[in-house]
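K.L.:
missing the sequence, but the structure's below:
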């Protein structure tokens, strides 16, 4: 890496200048912008030209983008509506998750992976991406507000399942009891919900209403609240992302919620660029040859199966076929949680390096293919065609 006086500033210079160049090329090539950021990470990250070697620091910063994304998501949901959505989505989420896990496990078994690796590969590819699902979803039309509610409820339940899997992996890795970890989840989640509700109702919202004419104060208070609940969630054994979401939901009833959501979007986008870059930067291209064929088979199967499986379950739940299919396509990729599961499982020696990279390569493949198809076929905020561009 360049011997700069401030390596972090130089890294940000490379990332955002490179992102601007790659984004321009992506737009001319009719590609989605997140793909450009991933490809940039592959090129200049530690496993590419090596211009940026502190990928772990960038990845930690990138997690803030997920936190702000879920915080803004929570601001649009009242607790009553959220509970109604979750009840409706429970059967859909559990049913589809079982099918996707069976697909992932079967492909891994077909290519000779161990039973434990098959189980973890199947579990990892179960979830859909919160980033892709929400980043490319318009929210201003009634049709997409309803579509968004379905997607949000499914993604939230998937995120909770993913957190349970991560706790399970921690227990299997010898860092604690598995049952204790899952029991902790059942105890700490209500504690976090109660704290967020009481803190927002009796402290935060009264302060915001008292000083609502000072925009800088509202901006700082909203960021502080988001990070506070996220940090509390982490201390309780949950994820930062779930904490941020709960913090947003707690503020959803505030009359200033819409302003907070609009003012934080540029900050969210800044960190999401880092998130997508970190995905590409963390991928070792040297392992691609070993996992190329199983990645191709698993990725294609999931890209084809996920939209139709979601469509079937959603139509069974009473949704119209057109909406059911659109939701399925928007949830047709593997989640960023799969990357965390793969890395943690490898660190705890529960799967081999090759199985871990199978999950990572499949995640990136479905990210790219799903995003490309979405941008060309459905309304998104980053669509090339004017007829499909929606905020």
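P.N.:
Nice, thanks for sending it over. Here the structure is a predicted model, which is why all the values come from computation and not from measurement.
K.L.:
which residues of the stretch 201-350 of the chain fall in strands?
P.N.:
Remark: no strands are assigned in the stretch 201-350 of the chain by DSSP state E, counting those that start in this stretch.
K.L.:
how about the helices in it?
P.N.:
For the stretch 201-350 of the chain, helices defined by DSSP state H, counting those that start in this stretch occupy the ranges 205-210, 215-235, 240-251, 257-281, 288-316, 321-330, 336-347.
K.L.:
just put those in a markdown table and tack on mean pLDDT.
P.N.:
Shown next, in a markdown table, are those (pLDDT from 0 to 100):
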| stretch | mean pLDDT |
| --- | --- |
| helix 205-210 | 83 |
| helix 215-235 | 87 |
| helix 240-251 | 83 |
| helix 257-281 | 81 |
| helix 288-316 | 92 |
| helix 321-330 | 90 |
| helix 336-347 | 82 |
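K.L.:
looking at those, which is nearest to residue 358?
P.N.:
With CB to CB, the closest approach to residue 358 among the helices of the stretch 201-350 of the chain belongs to helix 288-316: 4.5 Å. (Each C-beta comes from the backbone N, C-alpha and C, glycine too.)
K.L.:
could you list the buried residues of the closest one?
P.N.:
291, 294-295, 298-299, 301-303, 305-307, 309-314 (16 or more other CB atoms under 10 Å).
K.L.:
cool, stretch 102-114 as well?
P.N.:
Quick answer for stretch 102-114 (16+ other CB under 10 Å): 103, 104, 105, 107, 108, 109, 111, 113.
K.L.:
residues making contact with it?
P.N.:
With CB atoms under 8 Å, 6 or more residues apart in numbering as the test, stretch 102-114 has contacts from 115, 117-119, 121-126, 293-294, 297-298, 301-302, 305, 352, 355, 358.
K.L.:
also stretch 226-235?
P.N.:
67-68, 71, 192, 195-196, 239-244, 246-248, 250.
K.L.:
low pLDDT regions in this structure?
P.N.:
Scanning the chain with the threshold set as pLDDT under 70 gives 1-5, 30, 54-57, 76-82, 84-85, 139-144, 167, 170-185, 382-391.
K.L.:
residues touching the most centrally placed residue in the chain, list them.
P.N.:
In the chain, the residue lying closest to the centroid (CA atoms, centre = their mean) is residue 130, at 3.4 Å. Residue 130 is in contact with 66, 69, 70, 155, 159, 241, 335, 336, counting by CB under 8 Å, 6+ apart.
K.L.:
now with 7 Å, please.
P.N.:
70, 155, 159, 335, 336 (CB atoms under 7 Å, 6 or more residues apart in numbering).
K.L.:
residue contacts, residue 71?
P.N.:
By CB under 7 Å, 6+ apart, residue 71 lies in contact with 226, 244, 245, 247, 248.
K.L.:
farthest pair within those residues?
P.N.:
Taking CB to CB, no two of these sit farther apart than 226 and 245, at 9.7 Å.
K.L.:
from the contacts of residue 71, which is closest to residue 164?
P.N.:
residue 245 (15.8 Å).
K.L.:
count of residues packed around the closest one?
P.N.:
Residues lying near residue 245 (other CB atoms under 10 Å) number 32.
K.L.:
and residue 186, by the same measure?
P.N.:
Counted with other CB under 10 Å, residue 186 comes out at 9.
K.L.:
list the contacts of the closest residue to residue 342 other than its chain neighbours.
P.N.:
Spatial nearest neighbour of residue 342, excluding adjacent residues (CB to CB, 6 or more residues apart in numbering): residue 359 at 3.8 Å. If you count contacts by CB under 7 Å, 6+ apart, residue 359 has them with 121, 124, 125, 338, 342.
K.L.:
can we see that at 6 Å?
P.N.:
121, 124, 338, 342 (CB atoms under 6 Å, 6 or more residues apart in numbering).
K.L.:
closest one to residue 16 out of the contacts of residue 130, please.
P.N.:
Of the contacts of residue 130, the one sitting nearest to residue 16 (CB to CB) turns out to be residue 336, at 20.7 Å.
K.L.:
that closest one: how many residues sit nearby?
P.N.:
So residue 336, with other CB under 10 Å, has 24 neighbours.
K.L.:
ok, it - contacts?
P.N.:
Contacts of residue 336 (CB under 6 Å, 6+ apart): 129, 131.
K.L.:
for it, give its distance to residue 276.
P.N.:
10 Å (CB to CB, to the nearest Å).
K.L.:
now do residue 115
P.N.:
Look at residue 115 and residue 276: by CB to CB, they are 34 Å apart.
K.L.:
what about those two, which has more around it?
P.N.:
When residue 115 and residue 276 are compared for neighbours, residue 276 comes out ahead with 27 against 10, by other CB under 10 Å.
K.L.:
check contacts around the more buried one.
P.N.:
Per CB under 6 Å, 6+ apart, neighbours of residue 276: 34, 37, 38.
K.L.:
in JSON lines, list those along with secondary structure, neighbour count and distance to residue 368.
P.N.:
Output for those, formatted as JSON lines (DSSP: H, G, I helix; E, B strand; the rest coil; neighbours: other CB atoms under 10 Å; distance: CB to CB, whole Å):
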{"residue": "34", "secondary structure": "helix", "neighbour count": "27", "distance to residue 368": "9"}
{"residue": "37", "secondary structure": "helix", "neighbour count": "26", "distance to residue 368": "11"}
{"residue": "38", "secondary structure": "helix", "neighbour count": "24", "distance to residue 368": "7"}
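K.L.:
about what we covered before: the residue nearest to residue 342 sits in which helix or strand?
P.N.:
Residue 359 is located in helix 353-377, with elements delineated by DSSP states H and E.
K.L.:
buried sites along that helix?
P.N.:
355-375.
K.L.:
repeat for stretch 333-346
P.N.:
For stretch 333-346, burial by neighbour count (16+ other CB under 10 Å) applies to 333-342, 344-346.
K.L.:
between these, which is closest to residue 17?
P.N.:
Closest to residue 17, out of all of these and judged by CB to CB, is residue 336, at 24.6 Å.
K.L.:
and the gap between that closest one and residue 264?
P.N.:
Counting by CB to CB, the gap from residue 336 to residue 264 is 20 Å.
K.L.:
tilt between the longest helix anywhere in the chain and helix 240-251?
P.N.:
The longest helix of the chain (DSSP state H) is helix 79-110. Helix 79-110 runs at 160 degrees relative to helix 240-251, counting by axes from the mean of the first three to the mean of the last three CA atoms, to 10 degrees.
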